[in-house]
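A.B. asks: Structure, please.
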Amino acid sequence: MGDFFDLTNMTAAVIGGTSGIGLAISKALALAGANVVTSGRRSREVEAAVATVEALGSKSLAQTCDVTNQDRLERLLHAVCSKFGGVHILVNCAGRTKRTPTLELPDAEWDAIIETNLTGTLRACRVFGRHVRSLSAIERKRDNAGSRAGEEFVIGRSSV
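C.D. replies: Now for the predicted structure:
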């Protein structure tokens, strides 16, 4: 992929990285040289994703996580830091949906979707963002354009 995408010695945590877009991003990060920790709620899918990433030459770690539980996110962060020394990249792909017509969707299902897809993303950014901010400027490795985007978590246009 060239030097522009060289992520050697960087560690990425991909929450919701066991299928779909999350797994595709995990593979791309592995091909760029990063250590890639794919996580999700189901251990069988986590193990399969880890095997996929390792087959691409990346180091990984099998760790389940549920973004609706802050303690689980903190345990994930601790496990990644214990094995790799830190997290440089966070990718939030955890998501849930219910294939039900809108007019028939119960409030409890809607609440569960919002808890995972929105609040879970915010929760993960808070847990991992505190860690990333504690890294030295060299460890954070600013992006090539030198913008602050490489140093901050961004949701839409608002920095967290």
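A.B. asks: make it CA atoms for all contacts and neighbour counts henceforth
C.D. replies: OK.
A.B. asks: what about residue 41, distance to residue 85?
C.D. replies: 23 Å (C-alpha to C-alpha, to the nearest Å).
A.B. asks: nope, residue 78 is what I meant
C.D. replies: Distance from residue 78 to residue 85, by C-alpha to C-alpha: 9 Å.
A.B. asks: between the two, which one's more packed in?
C.D. replies: residue 78 (17 against 12; other C-alpha atoms under 10 Å).
A.B. asks: quick one: which helix or strand includes the more buried one?
C.D. replies: Secondary structure from DSSP states H and E places residue 78 in helix 70-84.
A.B. asks: Give me the residues contacting whatever helix or strand comes next after that helix.
C.D. replies: Remark: after helix 70-84, the chain's next helix or strand is strand 89-92, criterion DSSP H and E. Residues outside strand 89-92 that contact it (C-alpha atoms under 8 Å, 6 or more residues apart in numbering) are 10, 11, 12, 13, 14, 15, 16, 22, 121, 124, 125, 128.
A.B. asks: rerun at 10 Å
C.D. replies: 7, 10-17, 22, 25-26, 29, 34-38, 67, 117, 120-122, 124-125, 128-129, 132, 140, 150-151, 153 (C-alpha atoms under 10 Å, 6 or more residues apart in numbering).
A.B. asks: what about the residue of the chain most remote from its centre, which SS state?
C.D. replies: Within the chain, the residue lying farthest from the chain centre (C-alpha atoms, centre = their mean) is residue 103, at 32.5 Å. Assigned with DSSP: H, G, I helix; E, B strand; the rest coil, residue 103 falls in the helix class.
A.B. asks: pLDDT value on residue 122, please?
C.D. replies: We have a pLDDT of 94 for residue 122.
A.B. asks: Okay, buried residues for the helix or strand hosting it please.
C.D. replies: Residue 122 is located in helix 120-134, with elements delineated by DSSP H and E. Of the residues in helix 120-134, 120, 121, 122, 123, 124, 125, 126, 127, 128, 129, 131, 132 count as buried by neighbour count, 16 or more other C-alpha atoms under 10 Å.
A.B. asks: Spit out the contact partners of residue 100.
C.D. replies: Here residue 100 is in contact with 106, 109 (C-alpha under 10 Å, 6+ apart).
A.B. asks: just residue 81 next, same as before
C.D. replies: 11, 75, 87, 131.
A.B. asks: go with 8 Å
C.D. replies: residue 87.
A.B. asks: Could I get the full set of helices for this structure?
C.D. replies: For the chain, applying DSSP state H gives helices covering 20-31, 43-55, 70-84, 107-114, 120-134, 137-140.
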